[in-house]
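Enquirer: based on what follows, work out the 3D shape:
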Amino acid sequence: MCVLGLALVAVSAFVSPALAGRSLVVGVNEDAVKSRPGISSTANDLGLGYYRVTQRWEAGRSQPSAADAASVAAALRNAGSQKVLLSVFGTANAAPVSLSSRRAYCSFVSSLLDRYPQVAAVNIWNEANLSYFWKPQFSRGKSAAPAAYAALMARCYDTIKNRHAAVRVLTSVSPRGNDNPRARSNVSHSPGTFIKKMGQAFRHSHRRARIFDAWGQNVYGASSKERPWARHRVDIGQGDYSRLLSYLRTAFGATRQPVPGQKDVRIWYLEGGFQTSVAAKRSFYGSSETDRSVVPSLGSPSKPDQASQLTDAVRLAYCQPAVGAFFNFLLADEPSLRGWQSGVLFSDWTPKPSYQAFKRVIAEVKSHRVNCAKLKVRIKKLGG
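Expert: Numbers count the residues shown, from 1 in each chain. Okay, the predicted model is just below:
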C-alpha cells in the first residue's frame, strides 16, 4: 500500500478486512532469559518472537564490562530462536543530558552490538518522560527532558547505524505524565507534550536523518480491569491509538523522520500487562498485594480476566495498521507481590490458566486469522 493509503487508514482504530494479513511481533519483557537456559522451550511453545531484556548503564561508561558482556551473551544464548531487544538505561540522575554523557552512552550501546550483532533492536533509555527514569524533566520551570532525549536519540541513531544498519532503534515513553514541574511526586511530561516538544527540538536541529525506526510506547491502562480499548484524556493506552498517531504526525510530519505507518516505521507497544490474583500459588509469593484491581487469570466471559484482556490487547494491536509489536509484561510473575504478577506463568514457572489463551492468540496473529470486524463488534458490545 502507498504511504498516502496507510495514512488515511491509520485514522481508524481498525483495518478493513482487505487490509488484514499484516504482521505483528508478539514478545515479552523477561530478564529471566539471562539466567534460565530452558526458557526457549516455553517461548517456542507460545510462539513468541522477541524478548525485551534490560541492560544497566553506569554514568560515564563507554565500554561494557565483562559482567555486562556475559549478561547479554547469556540472554542471546538462552533466547534460542527468539530475537532480543535490549533496553539500555541507568539511574534517573545518570540520564545522558550532556554531549560527553551522550557520547559515552551511545558508544556503550554500539560496543555491545559490536560484540553481539545478533541483537535485533535497542531501546534508547526507558520511559524518558518520567523523573523516575530521567532527570531533570524541567530546568527552572521550563521543559528540558524532551529536547535532551531527542539529542540522545539522534546521537545514538548515528552511532549505531554507522556500524549496525540492521539494528532497529526505538524510543521508550510512559503512558502517563503530569506536565507539572512543581509536582510533589512524579514530575513528568505527559506523552502528548513529550512528543510535541521532541518534534520541536528535531525541527530546530535541522537534522536530515531520522532518529528512530519505531516509536516505543508503553500502554498500561489505569487498572488491570480496564479494557485495552479504553480511551483517556491525557494518558496513552491502546485505545488512544488515533491520538498517539496525531501527536506523532504533528511532531514529525513533513520532516526526515517518517511517522509510524510510513516506510518501515511502526509503533511498538513495549509494555502492557494485566495483573492477576495468585491465590492458587500464594506460597510462592512474598510480601502482600499492592494492587486492588487484579483480575482472575481465567474467569467468567462477562467480566475482565487476564485471558480475555490479553487476547483483546493482542488482537487490537494487530488491527491497528501502524502498530508493529506488542510485548506483554512479563512471561513469569515477579515473586514479590509488590512487583508485577502479569505473566502467563506463576512465579514457580508453571502455566496460569491464561497461558493457552495467549498461545492461541499468538497463533492467530502468525497465521493472519485475526478478525478485526468481529473485534470491533465486541468493543461496541462491551462499551468501547
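Enquirer: where's the spatially most central residue of the chain, which helix or strand?
Expert: Nearest to the mean C-alpha position of the chain, by C-alpha atoms, centre = their mean, lies Leu270 at 1.2 Å. Per DSSP states H and E, Leu270 falls inside strand 266-272.
Enquirer: the stretch 201-350 of the chain: strands as residue ranges?
Expert: Taking DSSP state E, counting those that start in this stretch, the strands of the stretch 201-350 of the chain run over residues 214-218, 266-272, 323-329.
Enquirer: mind putting those in JSON lines, mean pLDDT and distance to Arg231 included?
Expert: In short, each C-beta sits where N, CA and C put it, glycine included. Shown next, in JSON lines, are the strands of the stretch 201-350 of the chain (pLDDT from 0 to 100; distance: least, C-beta to C-beta, whole Å):
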{"stretch": "strand 214-218", "mean pLDDT": "98", "distance to Arg231": "15"}
{"stretch": "strand 266-272", "mean pLDDT": "98", "distance to Arg231": "15"}
{"stretch": "strand 323-329", "mean pLDDT": "98", "distance to Arg231": "16"}
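Enquirer: specify the beta-bridge partners of the nearest residue to the residue nearest to the centre of the chain once chain neighbours are set aside.
Expert: The spatial neighbour of Leu270 that comes closest, neighbours along the chain excluded (C-beta to C-beta, 6 or more residues apart in numbering), is Gly216 at 4.6 Å. For Gly216, the beta-bridge partners are Trp268 (DSSP bridges).
Enquirer: just to revisit the earlier point, and the strand holding Leu270, what other elements does it pack with?
Expert: Packing partners of strand 266-272 (3 or more C-beta pairs under 8 Å, 6 or more residues apart in numbering; DSSP states H and E): strand 25-29, strand 214-218, helix 241-252, strand 323-329.
Enquirer: okay, angle between that strand and strand 323-329 too, please.
Expert: Note on geometry: by axes from the mean of the first three to the mean of the last three C-alpha atoms, to 10 degrees, strand 266-272 and strand 323-329 are set 10 degrees apart in direction.
Enquirer: how big is the angle separating strand 266-272 from helix 241-252?
Expert: Put simply, strand 266-272 runs at 120 degrees to helix 241-252, going by the same axes, to 10 degrees.
Enquirer: output strand 266-272 as PDB, nothing but the C-alphas.
Expert: What follows is strand 266-272, C-alpha atoms only, in PDB (Å, rounded to 0.1, in the frame of the first residue of the first chain):
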ATOM      1  CA  ARG A 266       5.900   1.500  13.200                       C
ATOM      2  CA  ILE A 267       4.600   1.900  16.800                       C
ATOM      3  CA  TRP A 268       5.800  -0.800  19.100                       C
ATOM      4  CA  TYR A 269       3.800  -1.400  22.300                       C
ATOM      5  CA  LEU A 270       6.700  -2.300  24.500                       C
ATOM      6  CA  GLU A 271       4.900  -2.900  27.800                       C
ATOM      7  CA  GLY A 272       1.300  -3.800  28.500                       C
END
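Enquirer: buried sites along it?
Expert: Across strand 266-272, burial judged by 16 or more other C-beta atoms under 10 Å covers Arg266, Ile267, Trp268, Tyr269, Leu270, Glu271, Gly272.
Enquirer: centre of the chain to stretch 26-35, how far?
Expert: Put simply, stretch 26-35 sits 13 Å off its chain's centre (C-alpha atoms, centre = their mean, to the nearest Å).
Enquirer: dihedrals phi and psi, Ser288?
Expert: Main-chain dihedrals, Ser288, degrees, to the nearest 10: phi -130, psi 150.
Enquirer: could you number the chain from 705 rather than 1 from now on?
Expert: With the count now opening at 705, the last piece we talked about shows up as Ser992.
Enquirer: how close does the closest residue to it other than its chain neighbours get to Thr980?
Expert: The shortest distance from Ser992 to any non-neighbouring residue, by C-beta to C-beta, 6+ apart, is to Leu1041 (5.7 Å). According to C-beta to C-beta, to the nearest Å, Leu1041 stands 11 Å off from Thr980.
Enquirer: and Gly753, by the same measure?
Expert: 23 Å.
Enquirer: which one of these two is surrounded by more residues?
Expert: Neighbour count, other C-beta atoms under 10 Å: between Gly753 and Thr980, Thr980 has more, with 29 against 21.
Enquirer: who are the contact partners of that one?
Expert: Taking C-beta atoms under 8 Å, 6 or more residues apart in numbering, we find Thr980 in contact with Ser928, Val998, Val999, Pro1000, Ser1001, Gln1010, Asp1037, Gln1045, Ser1046, Lys1056, Ser1058.
Enquirer: and if you look at Gln904?
Expert: For Gln904, the contacting residues are Pro850, Ala851, Ala955, by C-beta under 8 Å, 6+ apart.
Enquirer: so the last one touches Met902, yeah?
Expert: Translated: Ala955. Yes. Between Ala955 and Met902 there is a contact under C-beta atoms under 8 Å: 6.2 Å.
Enquirer: more neighbours: which of those two?
Expert: Taking other C-beta under 10 Å, Ala955 and Met902 do not tie; Met902 has more neighbours (30 against 23).
Enquirer: doesn't that one lie inside a helix?
Expert: Yes. Applying DSSP: H, G, I helix; E, B strand; the rest coil, one finds Met902 inside a helix.
Enquirer: this completes my enquiry, with thanks.
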